[in-house]
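Engineer: Please find the sequence and the predicted model below.
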Amino acid sequence: MVSLHCPLTPEMQGLVDARRLSLMKPSAFLVNTARGPLIDEAALAAALDDGRIAGAAVDVLSVEPPARSNPLLAAKHCVITPHVAWATRDARRRLIDVAAANLAAYLDGRPQNVVNRI
């Protein structure tokens, strides 16, 4: 399995292209929860449809919402989530709890998790 967790920079755009996909085993899975343009979507769709890799799961696409012509929408063994795969019930509860604790601490004169101390 290859799982992408990297920023999108000019150097990283198209990181997973036809050449890199050709280096993967036929049993490999590709997971992208980072940024859509890290993957050459046409190359990934071709690799999936030809059985060169076993499957892919992407939580991001190069353009959102995707155009009907996006090749991953019809690719074999490809799961696409709407960029909310992080949002499990537990994750959302934790997010709300941290936000409420931050607000309460701020109102009590004890700011926490401060990014900009100006």
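Structural biologist: Perfect, I can see it now.

Engineer: care to break this structure down by domain?
Structural biologist: What the record gives for the chain is the domain set 2-85, 87-118, from automatic domain parsing.

Engineer: Could you say which of those domains is packed most deeply?
Structural biologist: domain 2-85 (a mean of 16; mean count of other CB atoms under 10 Å). Quick note: C-beta positions are derived from backbone N, CA and C, even for glycine.

Engineer: ok so Arg94 is a helix residue?
Structural biologist: Yes: under DSSP: H, G, I helix; E, B strand; the rest coil, Arg94 sits within a helix.

Engineer: doesn't Leu72 make contact with Asp49?
Structural biologist: No: applying CB atoms under 8 Å as the test, Asp49 and Leu72 come out as separate, 10.3 Å apart.

Engineer: On the three-state scheme, Val31 is what?
Structural biologist: Quick answer, by three-state DSSP: Val31 is strand.

Engineer: Now it: closest residue in space, sequence neighbours ignored.
Structural biologist: Sequence neighbours aside, Ser3 is the residue nearest to Val31 in space, at 4.3 Å (criterion: CB to CB, 6 or more residues apart in numbering).

Engineer: Tell me which residues touch the one you found, please.
Structural biologist: Contact partners of Ser3, counting by CB atoms under 8 Å, 6 or more residues apart in numbering, are Leu30, Val31, Asn32, Thr33.
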